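Colleague: Give me the fold of what follows.
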Amino acid sequence: EEMKSLVLEKNKVGLDEEPELLVKGWLLLEVRGNWIKQRRYWFVLSQDSLDYYSGSEKGARRLGTLVLTSLCSVIWPDKQKYKETGFWNITVFGRKHCYRLYTRHFNEAVHWACAIQKIIDTKAPVDTPTQLLIRDIEENKFHPEVVEHIYQHNPILKYTQGPLYAPLLPFPYGSLEHTCKCSTLTSSGRWADADYDEMTAHTHAALVFHLCVDHSGKGYGSVREEAVKLFNCLQQLESSREPVPIIQGVLQTCLDLRPLRDEVYCQLVKQTSHTPAPYTAAHLRYWQLLTCMSCTFLPGPSVLKYLRFHLKRVQSQNPESEMDNYASFINEALDKTKCRECVPCWEEIQTLMNREKMPCTVHYPGPGSCQLYISSHTTANEVARRMQEKLGLQESKNTFALYKQNSVWEQPLAGGALIADVLTRFVNLNSKDSEAKSQWKLCFKLYCLLDTESISVDSIEYLFLFEQCHEMVVRGQLPACEEDLQTLAALRLQFLMGDFSTHAPCPPLDELFPNHMLEARVLVSLSPCQVAAQGCHSTQRFAPGLLAGALWSHTATAAHKQKMKQDIHLRSRLKEEAAAVMGSILERWRGLAGYGCRDSIAAYLTIARQWSGFG
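Modeller: Got it, this is the predicted structure:
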């Protein structure tokens, strides 16, 4: 209404009577739905609006008005667009209109953009009806009868089966497609110093907002459009047989578009207030999504207060009910939640919907593993501490940590890392590569050896030391001569298989002996010419297509055949060397008859300790 009256009032004012004109001049306006793409108009910027006229003379007819509020946004000149069109462009987004303006002069475009942004920055923040009512509820939270009156007379706060036509919270006008252009300000061309300073002084907040919602590649519309779509998704939960995909989709959108998190919280509070059938499974879907939200994102301060008030109100009105249980769970979660890096996986969402904890398997050196139950807030440090208690390692002088690990790579987790995020990444990575060697897992291991001498030979820590030492050997991280490495491999076999037997199934050589030593033996046995040729396979002498034709084709074919022949020879030599090394290891294993597991470990660690860097 305020905007409407402003426009009507302005239409009565002629160009010659216009008060407080800030900037005026000729600009090209993009016109859609016409064969002429751009038309030249006289533009006038005032404290309240951006208007354009048929001409610059007195009494010229006003053709359009864009009322400026704090929700309007300006997109700055883009060098790429200039290269394509020969014009510098600025775009102004309003509630109902979008002006795409063009000029041949860069400084003029920046001057208009800065002036419009200054006007927008001076405007008071626009409050939606929902925001005003939230403020009223906060002010009267100790007066239940007033709060009840507010709810009864304001349907916007209560459950509805109808659609939502506008967001509950205010969002800037404009689409997400243009937001990434803000990041090109300093790279798409050289700004005039004065204009650049002016631009940075007045648009920092808008720039930060635009950058944080740059997800145009994911098919999102404007933030306002996405807010309305999300409400429709929420309503679909009531009739959905499988709610997890919808919940995951809502959470993913909130992860991508940060400003929508408060909006979704407000929508969920609305849909769980004054519900006609509060105890039905359909209604409880909203509580399940609210539970997942509370374990994934924290709302802003004002919305958090409103949410906590709502939870307390629901609990007082519905004691000993499922809603009471969900509200209690959500309240506890809000005290612990840190912003997640990943959307919860399918399994986590299902456990949250039932207000349960999630099983988590933690491996430790050797074949052992433990199953723990974790929440969405459990950190790597907490799991490491629980594993120490479970395995009786609290008194150890050495330190332990949780690792993410597959067969070829491992890395310790940061102490504050959320295990739920780590497990979600594992699910995503493991689904892309189903090979057993590529599967990721959590592993509890020694992190720092501060005291290796006082470790009891009967403790599990002694086994940890042995297993981790063997991992270092196989990866080639323990500097030792080949004879020692073969002895270590034999001791490993004695530990795993007991005394030598021709019928015992031996593990693969790469689980006993470092591969790089095998490759070194092969390279030593090759002649210098063969080694040089072997090292040149990946080096291309000529640029692609340089000698196109029959001669080049013949040369390339001959080179390919030569390479294939050398590869076959190399593989053959590797097999021969592997057989020779394995034979030597088996011979050493035969000589270890009578060694028990403890003897094998002790002998193994004695050799390893010869390295000055051990421990």
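
Colleague: if I pick residue 412, what's in contact with it?
Modeller: By Cβ atoms under 8 Å, 6 or more residues apart in numbering, the contact list for residue 412 reads 401, 402, 403, 447. Every residue, glycine included, has its C-beta placed from N, CA and C.

Colleague: Return the subset of those lying in strands.
Modeller: 401, 402, 403, 447 (DSSP state E).

Colleague: By neighbours, which of the residues you listed wins?
Modeller: The residue in the ones in strands among the contacts of residue 412 with the most neighbours, by other Cβ atoms under 10 Å, is residue 402 (26 neighbours).

Colleague: Can you report how many residues lie near the closest residue to that residue other than its chain neighbours?
Modeller: Once flanking residues are discounted, residue 402 sits nearest to residue 380: 4.4 Å by Cβ to Cβ, 6 or more residues apart in numbering. Other residues near residue 380 number 22, with proximity taken as other Cβ under 10 Å.

Colleague: Number the chain from 96, please
Modeller: Shifting the count to begin at 96 puts that one at residue 475.

Colleague: Can you give me the separation between residue 475 and residue 347?
Modeller: 24 Å (Cβ to Cβ, to the nearest Å).

Colleague: Ok, residue 251 next?
Modeller: 27 Å.

Colleague: State the pLDDT value of residue 620.
Modeller: pLDDT, residue 620: 68.

Colleague: Kindly report the same for residue 615.
Modeller: 78.

Colleague: Give me the phi and psi angles of it.
Modeller: phi -60, psi -40 (degrees, to the nearest 10).

Colleague: burial count for it?
Modeller: Neighbours of residue 615 (other Cβ under 10 Å): 13.

Colleague: need the helix or strand of the protein with the lowest average pLDDT.
Modeller: Ranked by mean pLDDT, DSSP states H and E, the helix or strand of the chain with the weakest confidence is helix 288-307, at a mean of 38.

Colleague: Can you identify the element that follows it toward the C-terminus?
Modeller: helix 318-331 (DSSP states H and E).

Colleague: Contacts for that next one next, please.
Modeller: 256, 258-264, 266-268, 271, 308, 315-316, 341, 344-345, 348, 352, 354-355, 358-359, 362-363, 366, 381, 384.

Colleague: Which ChimeraX command selects the buried ones in these?
Modeller: Filtering the contacts of helix 318-331 down to the buried ones (16 or more other Cβ atoms under 10 Å) takes a single ChimeraX command:
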select :259,262,263,264,266,267,268,271,308,315,341,345,348,352,354,355,358,359,362,363,366,381,384
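
Colleague: ok so, going back, who touches the residue nearest to residue 497 in this structure?
Modeller: Residue 475 neighbours (Cβ under 8 Å, 6+ apart): 496, 497, 508, 509, 510, 511, 512, 514, 517.

Colleague: mind redoing it with 7 Å?
Modeller: Shown in contact with residue 475 (Cβ atoms under 7 Å, 6 or more residues apart in numbering): 497, 508, 509, 510, 512, 514.

Colleague: Narrow the contacts of helix 318-331 to those in helices?
Modeller: Judged by DSSP state H, the contacts of helix 318-331 include 341, 344, 345, 348, 355, 358, 359, 362, 363, 366, 381, 384 as members of helices.

Colleague: Turn those residues into TSV, including distance to residue 432 and pLDDT.
Modeller: Converted to TSV, the ones in helices among the contacts of helix 318-331 look like this (distance: Cβ to Cβ, whole Å; pLDDT from 0 to 100):
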residue	distance to residue 432	pLDDT
341	21	97
344	20	96
345	16	98
348	18	96
355	17	96
358	18	98
359	15	98
362	19	98
363	15	98
366	21	98
381	19	98
384	15	98
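
Colleague: ok, so of those, who is nearest residue 196?
Modeller: Relative to residue 196, the closest of the ones in helices among the contacts of helix 318-331 is residue 355; by Cβ to Cβ it sits at 29.4 Å.

Colleague: Residue 591: which of the contacts of residue 507 is nearest?
Modeller: Nearest member of those to residue 591, counting by Cβ to Cβ, is residue 498, at 22.6 Å.

Colleague: and that closest one, what are its bridge partners?
Modeller: Legend: beta-bridge partners of residue 498 under DSSP bridges are residue 507, residue 538.

Colleague: Check which helices and strands the top helix by length along the chain is in contact with.
Modeller: What stands out as the longest helix in the chain, according to DSSP H, is helix 645-685. Contact here means 3 or more Cβ pairs under 7 Å, 6 or more residues apart in numbering; DSSP states H and E; on that basis helix 645-685 packs against helix 577-592, helix 610-620, helix 623-630.

Colleague: who's residue 458 bridged to?
Modeller: residue 464, residue 538.

Colleague: what's the distance between the residue nearest to residue 562 when sequence neighbours are not counted and residue 151?
Modeller: Computed as Cβ to Cβ, 6+ apart, the closest residue to residue 562 that is not its neighbour in sequence is residue 460, at 3.3 Å. Distance, residue 460 to residue 151, by Cβ to Cβ: 82 Å.

Colleague: give me the low-pLDDT residue ranges for this protein?
Modeller: Applying pLDDT under 70 to the chain picks out residues 96-115, 128-129, 131, 270-312, 529, 531-532, 620-651, 710.

Colleague: Same drill for residue 460 and residue 151, tell me which one is more crowded.
Modeller: residue 460 (20 against 14).

Colleague: now residue 147, nearest residue through space, not along the chain?
Modeller: Nearest non-adjacent residue to residue 147, counting by Cβ to Cβ, 6+ apart: residue 136, 4.1 Å away.

Colleague: ok, what's across the strand from that neighbour?
Modeller: Here residue 136, judged by DSSP bridges, has bridge partners residue 122.

Colleague: before we move on, what SS does the nearest residue to residue 220 once chain neighbours are set aside have?
Modeller: Spatial nearest neighbour of residue 220, excluding adjacent residues (Cβ to Cβ, 6+ apart): residue 165 at 5.1 Å. The three-state label given to residue 165 by DSSP: H, G, I helix; E, B strand; the rest coil is coil.

Colleague: what residues are up against residue 165?
Modeller: 215, 218, 219, 220, 221.

Colleague: Of the contacts of residue 475, select the buried ones using a ChimeraX command.
Modeller: Buried residues among these (16+ other Cβ under 10 Å), as a ChimeraX selection:
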select :497,508,512,514
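
Colleague: Looking at the contacts of residue 475, which is nearest residue 370?
Modeller: Proximity of the contacts of residue 475 to residue 370 (Cβ to Cβ) peaks at residue 514, which lies at 34.7 Å.

Colleague: surely that closest one meets residue 467?
Modeller: No: in this structure, residue 514 is not within contact of residue 467 by Cβ atoms under 7 Å, at 9.0 Å.

Colleague: which residues are common contacts for those two?
Modeller: 455, 478.

Colleague: Look up phi and psi at the closest residue to residue 593 other than its chain neighbours.
Modeller: Residue nearest to residue 593 in three dimensions, not counting chain neighbours: residue 599, with 7.8 Å by Cβ to Cβ, 6+ apart. Torsion angles at residue 599 (phi, psi; degrees, to the nearest 10) stand at phi -70, psi 130.

Colleague: residues near residue 599, how many?
Modeller: Count around residue 599 with other Cβ under 10 Å applied: 13.

Colleague: That one reaches residue 592, doesn't it?
Modeller: Yes: contact criterion Cβ under 7 Å: residue 599 and residue 592 qualify, at 4.8 Å.
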